[in-house]
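1. Predicted coordinates and the sequence they were generated for:
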Amino acid sequence: MDGSSFSLTLPSEPRMLSVARNFVEAVCQAYRLDRTTMHALVIVTGEAVTNIVRHAHQNRPNSQMELHLQMLADSVVITFRDEGAPFDLESVPDLPPGEMRIGGRGIYLMRTLMDELTCEPRGDGQPGNVLRMIKRCAALRECG
């Protein structure tokens, strides 16, 4: 992988979920990432988009989200920028996988499938958050 970066800006609408997932899958296929890595990236993308639409933007379709995908030699970095209220990732408890409840699984999946997960205020004078997820590979061959 060569450090290439890909970006997509989407309206905050549930129907954009498949667009975001297909975008990530297409980039992964172009870089010939292995199936396991690709599926993990697609799953966390879906969870992030769903959380942004529902929670950060509270189903306000006039809001937008930005998705950035960076292909590095030893990792893949997915970054989401939203326009929502500040969000503290540490406030979300680690739920036992067997616990029966509606919701709360998106962050669990992100924590489980990715090697690194952070969420911070945008810091560019704009309201919102930056969700950053990293999937590491020990060597290029392990990712693609």
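-> That came through fine. Numbering: from 1, shown residues only.
2. And for the nearest residue to residue 41 once chain neighbours are set aside, the neighbour number?
-> In this structure, residue 41 finds its nearest non-sequential neighbour in residue 24, 5.4 Å apart by CB to CB, 6 or more residues apart in numbering. Just so you know, the C-beta spots here come from the backbone N, C-alpha and C atoms, and that holds for glycine as well. By other CB atoms under 10 Å, 23 other residues sit near residue 24.
3. Give me the distance between residue 24 and residue 78.
-> For residue 24, the distance to residue 78 equals 7 Å [CB to CB, to the nearest Å].
4. before we move on, what about residue 38?
-> Counting by CB to CB, the separation of residue 38 from residue 78 is 12 Å.
5. Please name the residues that touch the residue nearest the centre of the chain.
-> For the chain, residue 45 is the residue whose C-alpha lies nearest the centre (CA atoms, centre = their mean; 4.0 Å). Each residue near residue 45 by CB atoms under 8 Å, 6 or more residues apart in numbering is listed here: 20, 21, 24, 67, 78.
6. what two of these have the greatest distance between them?
-> Using CB to CB, the pair of these lying farthest apart is 21 and 78, separated by 11.6 Å.
7. check contacts around the residue nearest to residue 41.
-> Going by CB under 8 Å, 6+ apart, residue 24 touches 41, 42, 45, 67, 69, 78.
8. What helix or strand is it located in?
-> Element membership for residue 24 (DSSP states H and E) is helix 17-30.
9. May I see the buried residues of that helix?
-> 17, 20, 21, 23, 24, 25, 27, 28 (16 or more other CB atoms under 10 Å).
10. And the next helix or strand past the longest helix seen in the chain?
-> Ranked by residue count under DSSP state H, the longest helix found in the chain is helix 35-51. Next helix or strand after helix 35-51 toward the C-terminus (DSSP H and E): strand 64-71.
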